[in-house]
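Novice: build the 3D model from these lines:
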Amino acid sequence: MILPRLFAFDVDGTLFNSQNRILDSTKEALQLLETQGHKIILASGRGPLSLEPVWEQLGRELPYIGFNGALVVDGSTVVFERTLPAAGAEQAVQLAREYGLGINAYEGRRWVIEEENPYSAEEGRLVNAQPELGDFGSLKKIHKLLMIGPAEAVRLYRDELRARSDQLNVALSLPNYCEVVNREVSKGRILQKVCGYFGVELEDTVAFGDGENDLELLATAGLAVAMGNGHRALLAEADYVTASNDEDGILQGVRWALNLAC
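Specialist: Prediction:
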């Protein structure tokens, strides 16, 4: 088997443990990959505002797939972006209002909410960033919408929006987080574009994830590693189920992938 050369890591629930910290064993795993000459990319539902601060914990800057694939950035270069169609965004927002969900809109480094709510306040504490209060109409484009609320309401919202719209990619990243992007993007689809950018064959990729929004990423990659704390559908898709994000799962999964490829 060809040695994998591009490792893609989800962030929340994968690189981060349950306390939103990066374990020393995870840093050891990334250092091992870099020492052996492999490429690393983050693949997250987060955007630049909350992704780039992760670099401080990692001790290094990394390219990233942000907003579930709607934005790919390498240093100062925007490699790819795809925004939401206006009609689809309006439909998603209106339905979220009917369900009483917290609505968050993202344009690059901007995070906008139209009214203060406990869901967005909690998200701000988790990602160590704060939204700006404003009108969604002030955004020239929207890369992603994030709807937050009670898990059952969010699940019903996801199901109804999927049934109503063929313009959107709608998936849960957490039981109470529903992420909405352009239907043409997902972490998996964009992984193929990233391979072209880095000059890596798709079969030479390894993807790590835990959430429903990582399904296409793991299905697309050459090797798929699901975290032990992952969504049950993800566990079924994986080539390997590693330990949880609290139990050195990244290091264990990296060692498995490297040993398999030798």
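
Novice: any low-confidence regions in the stretch 101-250 of the chain?
Specialist: Scanning the stretch 101-250 of the chain for pLDDT under 70 picks out no residues.

Novice: rerun that using 90 as the cut-off
Specialist: Scanning the stretch 101-250 of the chain for pLDDT under 90 picks out 117, 119, 122, 124-129, 137-138, 173-174, 211-213, 237.

Novice: all strands of it, in order?
Specialist: Using DSSP state E, counting those that start in this stretch, the strands of the stretch 101-250 of the chain run over 102-107, 110-113, 132-133, 144-148, 168-174, 177-182, 205-209, 223-226, 240-241.

Novice: pick the most deeply packed of those.
Specialist: strand 205-209 (a mean of 29; mean count of other CB atoms under 10 Å). In short, each C-beta sits where N, CA and C put it, glycine included.

Novice: for that one, C-alpha coordinates in PDB please.
Specialist: Output of strand 205-209 as PDB, limited to C-alpha atoms (Å, rounded to 0.1, in the frame of the first residue of the first chain):
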ATOM      1  CA  THR A 205      -5.200  10.400   2.400                       C
ATOM      2  CA  VAL A 206      -6.300   9.600   6.000                       C
ATOM      3  CA  ALA A 207      -9.200  11.300   7.600                       C
ATOM      4  CA  PHE A 208     -10.200  11.500  11.300                       C
ATOM      5  CA  GLY A 209     -13.600  12.600  12.500                       C
END
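
Novice: right, and the strands of the stretch 101-250 of the chain - which one's nearest Gln91?
Specialist: Gln91 lies closest, by CB to CB, to one member of those: strand 168-174, at 7.9 Å.

Novice: one step back: may I see the strands of the stretch 101-250 of the chain organised as TSV, with distance to Gln31 added?
Specialist: Putting the strands of the stretch 101-250 of the chain into TSV (distance: least, CB to CB, whole Å) gives the following:
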stretch	distance to Gln31
strand 102-107	31
strand 110-113	31
strand 132-133	36
strand 144-148	31
strand 168-174	27
strand 177-182	30
strand 205-209	16
strand 223-226	18
strand 240-241	21
